[in-house]
Each structure stands twice: as structure tokens, then as C-alpha cells.
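In: how would this look folded up:
(chains A and B)
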Amino acid sequence: MFKAIVSAATLTSALDSVSVLVDECKIHLEEEGLSIRAVDPANVGMVDLTLDAAAFESYEADGGLIGVDLSRLEDIAGMAESGQLIQLELDEETRKLHIQIDGLEYTLALIDPDSIRQEPDIPDLDLPARVVLEGKDVNRSVKAADMVSDHIALGVNDAEEFFYVNAEGDTDDVHLELTQDDLIDLQVGPAHSLFSLDYLKDMNKAIPGDTEVTLDLGEEFPIKLYFGFAEGQGQVTYMLAPRIQSD
Amino acid sequence: MGNAALRDIAVIEDVPFADIEGVVAVDAHNWLYRYLTTTVKWTSSEKYTTDDGTEVANLIGIIQGLPRFFEHDIVPVMVFDGGPSELKADEIADRREQREVYKAQLERAREEGDTVAIAQLESRTQRLTPTIQETSRELLELLDVPVVEAPAEGEAQAAHMVKRGDADYVGSEDYDALLFGAPYTLRQLTSKGDPELMDLEATLTTHDLTLEQLIDAAILIGTDFNEGIRGIGPKTALSEIAEHGDLWSVLEARGEHIEHGDRVRQLFRDPNVTDEYEFETTLEPDLEAARKYVVDEWGVDAGEVERGFERIEASVVQTGLDSWT
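Out: A predicted model of the protein is given here:
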């Protein structure tokens, strides 16, 4: 059983943060809210999302599992204005999702969850450095790095206590340093890793500019990047595997 | 090559690249041949021959084909066909010389009307030119892709490596991989979509057959090494084997004969393979040297291979999250 009413903005944020990595996903419809975990086909980027029941106008579920084509569902959600409410109801018999937006009824055929790639195990990461910053700082770092290179180095200087961003291109370079004062919080530790901008750009798309974003970093370790949405009642955690430094 | 009628018997399912892990022992001739006949066909011929007309399409094929393995953390091991069964691979130093030997043997086989030997030898002399043989190996070496020289059929050697647990899948378009006892065979590794996984155990269970019976059924239908019995397709072959038990009883019951049936059977049951091979699964391609080899030395248009090289480069420096689980 699954029946819920949610604002279009909340649903869209949730779907967008997953669709940057995968086309299809499994959605767990738990009593306390819904959750999605997915990894891209190359096993480089992972998303782990929860959306609490409290984020919905109304929410009833009893632990079902559905498979959805994300772009389909996003297209339908896109039919609503951001303030509008979307009503979702699962028909267990036909395995279809009935979606209603202000009188518009859409019946979405679901995908067999078994046909969707297995949900990944969450890597066991012990990351020594933590950086908490505003979404817009992540955004401008990624944007600037993308102008010169296809990868970006993120690190923490634990002696001088600052977080830095480096991108080196064939001709041009980008560098940014943010100290304790520029950041919301900084826990220093040895951290320096290189990441593919292809992935980070996609993840960045899902980060609202006015949101507090936490980055957990290590030395040549995956990054854990997480933030809340839907007034803190939703949480997105991305994990991204590093590139090996060639030099 | 191989018998497509086996498709009706084999248990085959599509499997996404992302679900494939480990080492694939690729029938190198078969794999390269696909690129020579299909992929490169769509490119204009100046792009894959040098100024003096030497064919270098294999180099483009290798650079276009390898990223699919690398991007999914699959290690390809290229298994090349070796000498005819009577000869040991290490007795032949020079590949050109080897080809001459094949040719001579082929002529002799034709004179003697030895159809099994003709089929075996033809497949090796005609599929890849000496230049292609040589340049493919050299490029693979620069890219640190392991190469294994089979004593005879590459496919049989690949199957043997999977049986021994040194590889996880045979990579071949050829349905005969089943007959060589390959537990898992990946087909369509060169196509755009998902590969197909051919499962030996499931095939035998589905038809309630032993591997020996499957081989006998295939011989009735026809293999690379023998003509089948006219009028026997997959269905009949299975029901005949089920009824009579083995090849000889079926032939006797129908009053038919298969030339060299015993040799063909032996070729599949006990192929000439070797345990003497070793390879590493951590690959460290020298991309700069490989680029030079392909573009400068063999004059391939850089644009033809740039995308492939970029994909290889990206995939070898990008780690996967599974390294941390």
C-alpha cells in the first residue's frame, strides 16, 4: 500500500538528485518515508536519498518496493507548478502508479525492480576531514574548475587550516582557498583527492545554492557529499570515487 | 564461424556490462574479426589502410573495442589461435613462417581430402593477415593487455582457462565455445547493446544432456569441422540423442555416416590446450607509446582513435566505489 500527497518542488528535488546518476531506480516505500539508493553503471558515483513522511502533505506506506523510470516520472512531475500538490497512489494489482495533478490523471507503468541494477553496498569510509560550506561555494568551485579542466582536486591543508580547490588545465589554472571564516565549519585532517568533473558537475546540479553542504574528504579516498532538502526532511548523500593521480 | 543452430539449444540471456566482473578470456581472432568486418566497414578505406595499402583496421578496432572492458573494470585476456594440433607453439618462432607451414599443411590436407584438417587450417590462414597478427600483438602489448598463445584453437584455450578458474568468461561470438566446455560465454562484446551470456550448465540442465551428448548433437547438426546430417536440425538432434544416447547409435539407427566423426568429437572433448600461460590483471597501459604506434608509426588518422584513447585514459585513472566496499 502506498498513497501520498507531496509538493511538486519536493518531489522534483528528490528525483533530480537521483536522475543525475541513473535512469532507473528502486524506491523503498517504508512507513517512515521513502528511500532510494543507486550507483551509476561504472560504479563511480552513488546516491543515497531519504525523504521523511513529514516532508509529505500526507503519507501512507507499508514497506513496498517499486521500480521507476526516472525521466518519465520527472516529466510528469514537471507538469505541475512548483507550489502545486501531486498525489501518488500505487495500484498493487496492476503494478501501476496513479499520479494526479490538479485533475490531470497519469497512470505510470512501473518497472520490475528485479530488472534494475542491484543497489550498491555503502562504502565503509573513515574520512579524516570535514568541510561544511554553502551550496553556492560548491557551485562556483565546480563551475570555475570546469572552465579549465575535466577534473578537480579537493583538499584540506591541515597545517594552515584551510579547504582548497585546484584545477589544472593545459594552459589555465583555477585555485580557491576557503578558511574557517569563509566556511560554516571545518574539521582539519589530511585530505587531498582528485575527482572527475563529469560526475561532480552532475551532482552539483542537484545542490541548492542556499543549502548547507557537508564534504567529508580523505587522501585518495572517495568524497562523501551530503545536504538536506525539503526543509531538512529530506537528505541526499553522494559518494564519488577518486581518480588516481597520475603525476 | 561456429554453428548458429546451436543458438536454439543454448541457454542465453542478456546481461548488462555493469553486472560483469573479472577476467574475460577473449577469442582474439574472433573479436578482431568482428571489428574488421563490421565496425570498420562504415569508415572510408583510406582511413584504415596505410599509403602502401597495408590494412590497419585492426588497430582502430582494438582502440575502439577495449574501452568497453576497461570502463567496466573487466580485464580482457586476448587468446590467439596457435599452430595446428600436431605442432607445439614454441617450435614456431616466426609467424610468417608459421603461416607458410599452415599453407603447406592445408595443401596436403586438401590432397588427402582430410576435411577436418582443412576446416581447422582454413580458419587460421584466412582470418587474419600476418601484418594484422603482428601489429595487433604489438599494440596490445603497449596497452598492457595480456595475450595468451593457444596451442591450437583460441576458443578451446579460452574455455580451458575459464574451467581452471583463471578467467571468468570466454568472450566469443562462436557458439562452439559451449562445445569446448566453456562454463560461461559472453557474446556480442563488440556490439552496442548489452552482451549475451551463454550458460553451459543451464543449457545441459534444460535439455537433460551431458556435455558429451551436447557435442554429439552438435556434430549431427554440423560444426566448423564437419558437415551435419541433411535434415537434422537442433530439435531432431536433441530428440535423436535422447532416444539413442550417443552419436554412433544415432548414426547406426539412421544408417548415416559422418566422415571423421570420431576426430571431431575428440577435438571438442579433449582439445589441444595448455596450462602454460600467465598474466597479470592489473593493467598499466602506456598510452603515449600506443598513440605513437597507431598514429605515427602506422599512419592511422588521429581523429579515428582519439575518442577511444580518451576513454581508455579516463577509465584507467578513475577508480570504482567497489574498491571501498
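In: residues contacting the closest residue to chain A within the stretch 51-200 of chain B?
Out: When scored by Cβ to the nearest Cβ, the stretch 51-200 of chain B has residue B:71 as its residue closest to chain A, at 5.9 Å. Using the backbone N, CA and C atoms, a C-beta is placed for each residue, glycine as well. Residues in contact with residue B:71 (Cβ atoms under 8 Å, 6 or more residues apart in numbering or on different chains) are A:42, B:17, B:311, B:314, B:315.
In: wait, what's in contact with the closest residue to the second one other than its chain neighbours?
Out: In space, residue B:17 comes closest to residue B:72 once its chain neighbours are excluded; the distance is 4.6 Å by Cβ to Cβ, 6 or more residues apart in numbering or on different chains. Residue B:72 is in contact with A:41, A:42, B:17, B:18, B:20, counting by Cβ under 8 Å, 6+ apart.
In: change it to 10 Å
Out: By Cβ atoms under 10 Å, 6 or more residues apart in numbering or on different chains, the contact set of residue B:72 is A:41, A:42, A:43, B:16, B:17, B:18, B:19, B:20, B:21, B:315, B:320.
In: Give me every residue in chain A lying close to chain B.
Out: For chain A, the residues in contact with chain B (Cβ under 10 Å from any Cβ of the partner chain) are A:39-46, A:115, A:117-118, A:120-125, A:150-151, A:193-196, A:198-199, A:220-222, A:239-246.
In: give me that answer again for 8 Å
Out: Contact residues (Cβ under 8 Å from any Cβ of the partner chain) of chain A with chain B: A:39, A:41-46, A:117-118, A:120-125, A:196, A:221-222, A:239-244, A:246.
In: Give the residue spans of the chain that score low on pLDDT.
Out: With no chain named, the answer covers chain A. A:245-247 (pLDDT under 70).
In: my bad, chain B
Out: Under the criterion pLDDT under 70, the flagged ranges of chain B are B:1-2, B:38-49, B:51-53, B:83-99, B:119-127.
In: Break down it into its strands, ranges please.
Out: Assigned by DSSP state E, the strands in chain B fall at B:11-14, B:22-27, B:74-80, B:147-149, B:169-171, B:184-187, B:196-199, B:222-223, B:226-227.
In: quick check, the first one touching chain A?
Out: No: Strand B:11-14 is not in contact with chain A by Cβ under 8 Å from any Cβ; minimum separation 10.5 Å.
In: So what are the sheet partners of that strand and their directions?
Out: Partner strands and pairing direction for strand B:11-14 (DSSP bridges) are strand B:196-199 (antiparallel).
In: contacts for the partner strand?
Out: B:10-15, B:169, B:175, B:177-178, B:182-188.
In: From those, keep the buried residues only.
Out: Buried by 16 or more other Cβ atoms under 10 Å in any protein chain shown: B:10-12, B:15, B:169, B:175, B:177-178, B:182-187, out of these.
In: okay, the angle between the longest helix seen in chain B and strand B:74-80?
Out: Counting by DSSP state H, the longest helix found in chain B is helix B:95-112. Inter-element angle recorded for helix B:95-112 and strand B:74-80: 60 degrees (by axes from the mean of the first three to the mean of the last three Cα atoms, to 10 degrees).
In: helices and strands around helix B:95-112, which ones?
Out: helix B:115-126, helix B:130-142 (3 or more Cβ pairs under 8 Å, 6 or more residues apart in numbering or on different chains; DSSP states H and E).
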